[in-house]
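**Q** just to be clear, the model below is a prediction. Sequence and coordinates:
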Amino acid sequence: MRPITIALTKGRLAKKTLDLFERVGITADGTRVEDSRKLIFKNEDLGLQFFLAKGPDVPTYVYYGAADIGIVGRDTIMEERLKLYEVLDLGYGRCRMCVCGPESTRKYLESGDQIRVATKYPNIAKDYFLNKKHQTVEIIKLNGSIELAPIVGLAEVIVDIVETGATLRENGLGVLEEVCPLSARMVVNQVSMKMENERISEIIRLLKAELAREAAEKAAALR
C-alpha cells in the first residue's frame, strides 16, 4: 500500500495541523523533534507520511502529485491558482486580506481613480480590483515590508494580510476595504481524490468530526 503524503506549511500552521491530526490519532515519528533535519516523517502502520514546505510551494507539490493532500492558507491557494480540490476549512490561522493605506487614499477607492497597488499577492489584487471593483490599477509586486510602499510614495494603497492591524496603525495606515477572509484549508490532488478516495475521505471525515466537536464545546461554554 503506497503512503498517503501530506504537505504541511512550515511554521504555526504546521504546529496547529499536527496538533489537530494528533487529536484524531494520526501521528508520525519525528514531527515533534525540535530542529530536526528530517524531511519526511512517516507512520508505516497508518500508511501516511508528512513533509514540511514553504507555503507557496504546498499547492505546487499537491498539483503535481508529489503530495496527495496539502494544508495551506487560503491566500496561497488563491494566489497560486492551481486546479485542486479545496475540501475543508480547518478554522485556524484566521486573518483577512485587505486593501490598506492612509485614510487620505480612501477617496481614490471610492471614486475609482487609477492608482498603484503594492502587494505580495498580485493575482489576488488584480482579481479584486479589475473583476470585483472594475477599477483600473497598476500592480507593483513586492516581497517584504509592504507597509512601506504608501509611506514613501511607491503606491497609494497595499493589498496584504491583516491579523491584528498593529503594524498598520504604527505606521499611520489602516484597513480601507476587506478583500476576503482567510484561514487554513485542506487541498487534495484531483487524481489522488479519485484513486485514493476511500482513504482520503476517511481522513477528511475524522478531521471534520473533531472540528465539529471542538466547535460544539466552545458553543456550550459560551451558553
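**A** The structure has been received and is ready for your questions.

**Q** from here on, just use CA atoms for contacts and neighbour counts.
**A** Noted.

**Q** name the next helix or strand downstream of the longest strand seen in the chain, please.
**A** Counting by DSSP state E, the longest strand found in the chain is strand 174-182. Downstream of strand 174-182, the first helix or strand assigned by DSSP states H and E is strand 184-188.

**Q** so what strands line up beside that following strand?
**A** Using DSSP bridges, the strands paired with strand 184-188 are strand 69-73 (antiparallel), strand 85-89 (antiparallel).

**Q** just the buried positions in the helix or strand following it, please.
**A** For strand 184-188, the following helix or strand on the C-terminal side (DSSP H and E) is helix 190-195. By neighbour count on 16 or more other C-alpha atoms under 10 Å, the buried set for helix 190-195 is Q190, S192, M193.

**Q** outside of helix 190-195, which residues touch it?
**A** Applying C-alpha atoms under 8 Å, 6 or more residues apart in numbering, the contact partners of helix 190-195 are Y63, G65, D68, K83, L84, Y85, I200.

**Q** cool, stretch 13-21 as well?
**A** Outside stretch 13-21, the residues within contact range by C-alpha under 8 Å, 6+ apart are L8, T27, T31, L52, I71, V72, Y92, G93, A184, L207.

**Q** kindly list the longest helix within this protein.
**A** The longest helix of the chain (DSSP state H) is helix 197-222.

**Q** pLDDT of that one, averaged?
**A** Mean per-residue pLDDT for helix 197-222: 94.

**Q** so which elements touch it?
**A** Applying 3 or more C-alpha pairs under 8 Å, 6 or more residues apart in numbering; DSSP states H and E, we find helix 197-222 packed against helix 12-23, strand 85-89.

**Q** dump the shortest one to CSV, restricted to CA.
**A** Taking Å, rounded to 0.1, in the frame of the first residue of the first chain, the C-alpha atoms of strand 85-89 are listed here in CSV:
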residue,chain,number,x,y,z
TYR,A,85,-9.9,20.3,-4.6
GLU,A,86,-10.4,22.5,-1.6
VAL,A,87,-12.1,20.2,0.7
LEU,A,88,-12.0,21.6,4.3
ASP,A,89,-11.8,24.8,6.1
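
**Q** with adjacent residues omitted, what lies nearest to the residue nearest in space to the middle of the chain?
**A** Central residue of the chain (C-alpha atoms, centre = their mean): G73, 0.9 Å from the mean position. Once flanking residues are discounted, G73 sits nearest to A184: 4.3 Å by C-alpha to C-alpha, 6 or more residues apart in numbering.

**Q** so that neighbour makes contact with R94?
**A** Yes - with contact defined as C-alpha atoms under 8 Å, A184 reaches R94; the gap is 7.2 Å.

**Q** have a look at these two and say which one is more surrounded.
**A** Taking neighbours as other C-alpha atoms under 10 Å, A184 and R94 compare with A184 leading, 24 against 14.

**Q** so, low pLDDT: which residues of this protein?
**A** Where the chain drops to pLDDT under 70, the residues are 30-36.

**Q** domains for it, by residue range?
**A** Domain assignment for the chain, taken from automatic domain parsing, gives 4-93+183-222, 95-180.

**Q** picking that back up, which pair of the contacts of stretch 13-21 spans the longest distance?
**A** Distance extremes for the contacts of stretch 13-21: the farthest pair is T27 and G93 at 20.9 Å, using C-alpha to C-alpha.
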